[in-house]
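J.: Sequence unavailable; structure follows:
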């Protein structure tokens, strides 16, 4: 067990809806990153937060947004859901640029 | 061409065999990660390397920075090693935890 927890584990939404996914980092970790993994593919970097500031972003549109809170937990928000947003969403926490600890993921299905 | 290429894509072995998974990358890196992903999605970090070789139990990871190549070896393979193994690199040009992932190698070890 990594100490990183994600919620919810599974959810189903319809096109156009909004979703919020949550990640609780391992104690003492100040960096969190989010990844999207489509079925059969490797994860794709969405963005990362370091001490509550976004400090890196992948090739995802602005409807993907996030927050990191003072306790270093984090949220990923996706607006105007599209069918292609169906994927496993993973968060990973670390202390600075150290070893990554991943959560179990949130599996999102968009109908 | 992807920045991170893994081979083979799929690998089937008999219990007890020695296994090698390869990873080549095209960018300058500050670190390379080997990750393990079981069905259901959760990812476990196996190694973080910036040079040389690391060993943990039956797993060995090596990296050659000049050749931009890394290998993951599993000695005395066991059916519980069956999983997807993913190579990911942290580019020198990016900060924090941003990773670029390979597509993964699906390993099946038969009893």
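T.: Everything's here; your move. The structure presented is a predicted model; accordingly, all values stated were derived computationally and were not measured.

J.: which residues are there in chain A that come within reach of chain B?
T.: A:2, A:31-33, A:35, A:37, A:41-45, A:48, A:50, A:55-56, A:58, A:88, A:90, A:92, A:94, A:96-105, A:107 (CB under 8 Å from any CB of the partner chain). The way it works is simple: take the backbone N, C-alpha and C, and place the C-beta from them, glycine included.

J.: Need the residues that contact the helix or strand of chain B with the lowest mean pLDDT.
T.: Averaged element by element with mean pLDDT, DSSP states H and E, chain B has its least confident helix or strand at strand B:100-101 (a mean of 91). Strand B:100-101 is contacted by residues A:35, A:42-45, B:3-4, B:25, B:27, B:86-91 when judged by CB atoms under 8 Å, 6 or more residues apart in numbering or on different chains.

J.: after that strand, next one along is what?
T.: Per DSSP states H and E, the first helix or strand lying C-terminal to strand B:100-101 is strand B:105-110.

J.: That next one pairs with which strands?
T.: With DSSP bridges as the test, strand B:105-110 is paired with strand B:10-14 (parallel), strand B:83-91 (antiparallel).

J.: Centre of the chain to that strand, how far?
T.: 13 Å (CA atoms, centre = their mean, to the nearest Å).

J.: Check which residues of it are buried.
T.: For strand B:105-110, burial by neighbour count (16 or more other CB atoms under 10 Å in any protein chain shown) applies to B:105-107, B:109.
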